[in-house]
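**Student:** Structure for this input, please:
(chains A and B)
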There are 2 protein chains.
Amino acid sequence: MTEHDAPTPPAAAGLSRRGLFGLAAGAGVGGLLVGSAATAGVVAASSANQASAAGVHPFFGAHQAGIMTPVQDHLHFAAFDMMAGATREDLIELLQDWSYAASRMTQGLDVSATGAVGGSPEAPPDDTGEALGLPASSLTVTFGFGPTLFRDGSGVDRFGLAGRAPAGFDALPAFLGDDLDPTYTGGDLCVQACADDPQVAVHAIRNLSRIAFGRASLRWSQLGFGRTSRTTADQQTPRNLFGFRDGTANILADDEHALRDHVWVDATAGPAWLAGGSYLVARKIAMTIETWDRVRLSEQERITGRAKGSGAPLSGGDEFTDPDFAATDAAGATRIDATSHVARAHPVNNAGIRLLRRGYNYVDGNTAIGRLDAGLFFLSFQNAPDRFVTVNKAVVTDLMAEYLTTIGSGVWAIPPGAAEGSYVGADLLA
Amino acid sequence: MTEHDAPTPPAAAGLSRRGLFGLAAGAGVGGLLVGSAATAGVVAASSANQASAAGVHPFFGAHQAGIMTPVQDHLHFAAFDMMAGATREDLIELLQDWSYAASRMTQGLDVSATGAVGGSPEAPPDDTGEALGLPASSLTVTFGFGPTLFRDGSGVDRFGLAGRAPAGFDALPAFLGDDLDPTYTGGDLCVQACADDPQVAVHAIRNLSRIAFGRASLRWSQLGFGRTSRTTADQQTPRNLFGFRDGTANILADDEHALRDHVWVDATAGPAWLAGGSYLVARKIAMTIETWDRVRLSEQERITGRAKGSGAPLSGGDEFTDPDFAATDAAGATRIDATSHVARAHPVNNAGIRLLRRGYNYVDGNTAIGRLDAGLFFLSFQNAPDRFVTVNKAVVTDLMAEYLTTIGSGVWAIPPGAAEGSYVGADLLA
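**Tutor:** Next up, the predicted model:
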């Protein structure tokens, strides 16, 4: 982040100055002097010298960044709830303020023009400062709307949005193996911050959380490392904490057909405000890694359906060879067990459904009995929640499920990207 | 980590083959086939082609790596307790097995010669596999011995080591601001794993924890990111979660005089087995960052004693200018408050004591009221625990202390490095 960035031209058509002032006046954060920031307006993502800088992903565009962006190595994910008594206007202003801040942070700038050290010495800085001097680090910030934003747990339509909810949009159904902890589940809003540097991702969530003060509060959050998927052909397929390659057959960012068919919500399929958007599913999946580690190699491979070293399907070939579920061994048994993870998850066994996965490994310290509190923070984007449901129903009864417990869950509608000078969700809330 | 590395020459003078077999036979991990690994012996750190590889720090040497090694960006720290009934022989074999594994992992190799995928398919792999294909990533693994290893909480000398304990070596005294949680405090043994890639650091702790099975168990552990110090002149001083540069005046790795005077235990000062070693202090310091963020900039700077942007002392100059605690402003007040953090922590106000700091930021999700559960995982190396005590007594009453609560703590004697073919702690246990 730069300590002193040049003022940017006013361009805040859709960004209410009132919203940004509201940050200081309405939320009780007396010292947040963002007036000058609001006047300066959003940073133009198309600014040639900045958009071309290494590690800078434009915030504005047809789709939100952080979906088909090459997966970064670090995650800070956060779910927020609107505070009791918050109004529709509060929600709009929050999304405006968040979009403004994200449009700056994703370019390596402080959260406002005065930032961490450019404001009055007699006021708290707008920016918390721990990313001062760090580059943009490929930061992406992706916002989503949970089912409860449209109708809360009691069915109350707090923000006049119930009529605009996607048909049937609700919390995911219960799955076998779920042991959901409410403190890792749900949320009116979600923010996925991904970056090459965890300090940059944490800085983004921290500052967005601070901006939300008085309007929305952090419900739960999760740090992750060691991405478990690849979204570009030149990214090596990473390994999950079972030691296996994960995400070999993921949708790649340049596969326009797959993105169209599996990820982006079509204009004809859902509410108009969601066209070009997607749905994000998050699943916090605890892995009993110590138990897994005592399973013999051949059984680990049978469970997975792939070789541990190469990642090749057990039917042969290399990592990127299509699995042949009909191939048999000398004894006539299928080489890939029909209840293996790869068999159960594969599109050919799920009506062709593919998910764009963007998950991360996590380690949250250890349990009281000295086991690592570790697992997979699964994230996937798909153009309908029921497509995730179909695939997940298949995998929760696969051979691997014995070693997994899902302890957190959420689904959010991911609106399309904001037009320059507008904000994420404008089409929903306008 | 390489999947198939060439056999290395036998050189396991100090590494008991029995110890490595003991891993399989004694610890109940039936399938850990490490016989061939034991035969192959440790990997020669002086092997020219490996020691010169980028991101490889030799495990063997006069001092343990991970102290004056340039600070890596990621930490997984773990404290272990010996299990009830474990014998001195168990402890010796554990340290041998740990040294063997660390000597391999720090070179980017699997934890044993058969590793993740080179063993029998009918046995659990020796290596958990999530670092397969990843480079050494500057991994360092640093081992330490806590006061309870010498005498447990009831004063029992479980391992016949009481007579060899450093004089007065005990848990740190209580400090103002301590609110220690036993689940983040103490431990018979500690392992500090630092790497450029968190997956590599996690892989190290996970595999060492697995090797310890039946002999020692994980007591607590901590992941950290965003190192809060620099140990080489070319490392930019990072920022802590208060947004300030931290570690500006740290001891640098090439400052032989400072290392000699402040870090390494002198042969005349302590037990002979600790000569060339050090003491590690870990403090898990929760920071009330939301409260801090509402403090006006001038007050943040007064509390710290430095400018937030540049890191320069408030007495003037740049980041690396020595603070002038006598300098006064026009009104005659000292420019640096005598109770600021920099004043209280500075060597000139602490009998010249300097600590080699190697701490990290941490974020462990959030609290139930929606605040980030975040802070500083402080790590420092010094040649006597009471030198830390002196400095810490000064800083726990500084202006910053109001925003800090220490929730975890530990001190460990850090033996010198192992000679090639030997193991860490050999001089203590021989």
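**Student:** quick one: terminal-to-terminal distance for stretch A:255-270?
**Tutor:** Stretch A:255-270 has its terminal residues 22 Å apart, counting by CA to CA, to the nearest Å.
**Student:** residue contacts, the closest residue to A:N350 other than its chain neighbours?
**Tutor:** Sequence neighbours aside, A:V391 is the residue nearest to A:N350 in space, at 5.1 Å (criterion: CB to CB, 6 or more residues apart in numbering or on different chains). For the C-beta atoms, the positions are set from N, CA and C on the backbone; glycine is no exception. Neighbour list for A:V391: A:345, A:350, A:353, A:355 [criterion: CB atoms under 8 Å, 6 or more residues apart in numbering or on different chains].
**Student:** Quickly note the distance from the second one to A:I289.
**Tutor:** With the distance defined as CB to CB, to the nearest Å, A:N350 ends up 27 Å from A:I289.
**Student:** do the same with the third one
**Tutor:** With distances defined as CB to CB, the gap from A:I353 to A:I289 amounts to 28 Å.
**Student:** sorry, back to before: can you give me the pLDDT of the residue nearest to A:N350?
**Tutor:** As predicted, A:V391 sits at a pLDDT of 98.
**Student:** Surely it is within a helix?
**Tutor:** Yes - residue state for A:V391 (DSSP: H, G, I helix; E, B strand; the rest coil) corresponds to a helix.
**Student:** what's the distance between it and A:L172?
**Tutor:** Using CB to CB, A:V391 is found at 12 Å from A:L172.
**Student:** before we move on, what about A:A162?
**Tutor:** 19 Å.
**Student:** Neighbour count for those two, which is higher?
**Tutor:** A:L172 (22 against 14; other CB atoms under 10 Å in any protein chain shown).
**Student:** check contacts around the more buried one.
**Tutor:** Contacts for A:L172 were tallied using CB under 8 Å, 6+ apart; they are A:281, A:385, A:388-389, A:392, A:409-411.
**Student:** tell me the secondary structure for it?
**Tutor:** Of the three states, A:L172 takes coil under three-state DSSP.
**Student:** before we move on, what about the one 4 residues further on?
**Tutor:** The assignment at A:L176 comes out as coil when based on three-state DSSP.
**Student:** hang on, the earlier thing: reformat the contacts of A:V391 as JSON lines; add pLDDT, neighbour count and secondary structure.
**Tutor:** Output for the contacts of A:V391, formatted as JSON lines (pLDDT from 0 to 100; neighbours: other CB atoms under 10 Å in any protein chain shown; DSSP: H, G, I helix; E, B strand; the rest coil):
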{"residue": "A:A345", "pLDDT": "97", "neighbour count": "20", "secondary structure": "helix"}
{"residue": "A:N350", "pLDDT": "97", "neighbour count": "18", "secondary structure": "coil"}
{"residue": "A:I353", "pLDDT": "97", "neighbour count": "21", "secondary structure": "coil"}
{"residue": "A:L355", "pLDDT": "97", "neighbour count": "25", "secondary structure": "coil"}
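**Student:** What is the nearest of these to chain B?
**Tutor:** A:A345 (19.4 Å; CB to the nearest CB).
**Student:** Grab the nearest non-local neighbour of that closest one.
**Tutor:** Nearest residue to A:A345, sequence neighbours excluded (CB to CB, 6+ apart): A:V395, at 5.1 Å.
**Student:** Hmm, that neighbour is touching A:V389, no?
**Tutor:** No - with contacts counted by CB atoms under 8 Å, A:V395 stays clear of A:V389, the gap being 11.1 Å.
**Student:** where do the helices sit along the stretch 1-150 of chain A?
**Tutor:** Counting by DSSP state H, counting those that start in this stretch, the stretch 1-150 of chain A has helices at residues A:17-25, A:35-40, A:48-51, A:88-105, A:147-150.
**Student:** From the contact counts, what lies against the fourth one?
**Tutor:** Looking back up the chat, that one is helix A:88-105. Here helix A:88-105 touches helix A:17-25, strand A:140-145, helix A:198-211, helix A:426-429, going by 3 or more CB pairs under 8 Å, 6 or more residues apart in numbering or on different chains; DSSP states H and E.
**Student:** chain center to the second one, what's the gap?
**Tutor:** Between the centre of strand A:140-145 and the centre of its host chain there is 7 Å, according to CA atoms, centre = their mean, to the nearest Å.
**Student:** other SSEs contacting that strand?
**Tutor:** Judged by 3+ CB pairs under 8 Å, 6+ apart, strand A:140-145 is in contact with helix A:88-105, strand A:189-195, strand A:404-414.
**Student:** tell me the most buried of these?
**Tutor:** Stretch with highest mean neighbour count among these: strand A:189-195 (a mean of 28; mean count of other CB atoms under 10 Å in any protein chain shown).
**Student:** Give me the nearest residue to A:D178, chain neighbours excluded.
**Tutor:** Excluding its sequence neighbours, the residue lying closest to A:D178 (CB to CB, 6+ apart) is A:T406, at 5.0 Å.
**Student:** Just give me the neighbour total for the nearest residue to A:D196 once chain neighbours are set aside.
**Tutor:** Nearest residue to A:D196, sequence neighbours excluded (CB to CB, 6+ apart): A:S137, at 4.3 Å. Neighbour count of A:S137, defined by other CB under 10 Å: 26.
**Student:** do A:A62 as well
**Tutor:** By other CB under 10 Å, neighbour count at A:A62 equals 12.
**Student:** can you check A:A171 too?
**Tutor:** Around A:A171 there are 16 residues (other CB under 10 Å).
**Student:** who's in contact with the residue most central in space within chain A?
**Tutor:** When CA atoms, centre = their mean is applied to chain A, the residue found nearest the centroid is A:Q192 (3.8 Å). A:Q192 makes contact with A:66, A:75, A:77, A:140-142, A:144, A:280, A:358, A:379, according to CB under 8 Å, 6+ apart.
**Student:** now the residue nearest to it when sequence neighbours are not counted: how far from chain B?
**Tutor:** Spatial nearest neighbour of A:Q192, excluding adjacent residues (CB to CB, 6+ apart): A:T142 at 4.3 Å. Distance, A:T142 to chain B, by CB to the nearest CB, to the nearest Å: 19 Å.
**Student:** A:T142 against A:V191, yeah?
**Tutor:** Yes - using CB under 8 Å, A:T142 is in contact with A:V191, at 7.1 Å.
**Student:** Which single residue of the stretch 51-200 of chain A ends up nearest chain B?
**Tutor:** Of all residues in the stretch 51-200 of chain A, A:G129 sits closest to chain B, at 2.3 Å by CB to the nearest CB.
**Student:** Then the stretch 151-300 of chain A?
**Tutor:** Counting by CB to the nearest CB, the stretch 151-300 of chain A gets nearest chain B through A:G243, at 2.3 Å.
**Student:** my guess is that residue contacts A:A307, does it?
**Tutor:** No - using CB under 8 Å, A:G243 is not in contact with A:A307; the gap is 11.5 Å.
**Student:** What about A:L314, how many residues nearby?
**Tutor:** A:L314 has 23 neighbouring residues, counting by other CB under 10 Å.
**Student:** Backbone dihedrals for it, please?
**Tutor:** Per-residue torsions, A:L314: phi -70, psi -10 (degrees, to the nearest 10).
**Student:** Let me see the contact set for it.
**Tutor:** A:L314 neighbours (CB under 8 Å, 6+ apart): A:301-302, A:305-307, A:323, A:335-336, A:340.
**Student:** could you redo the last one with a cut-off of 7 Å?
**Tutor:** A:301, A:305-307, A:335-336 (CB atoms under 7 Å, 6 or more residues apart in numbering or on different chains).
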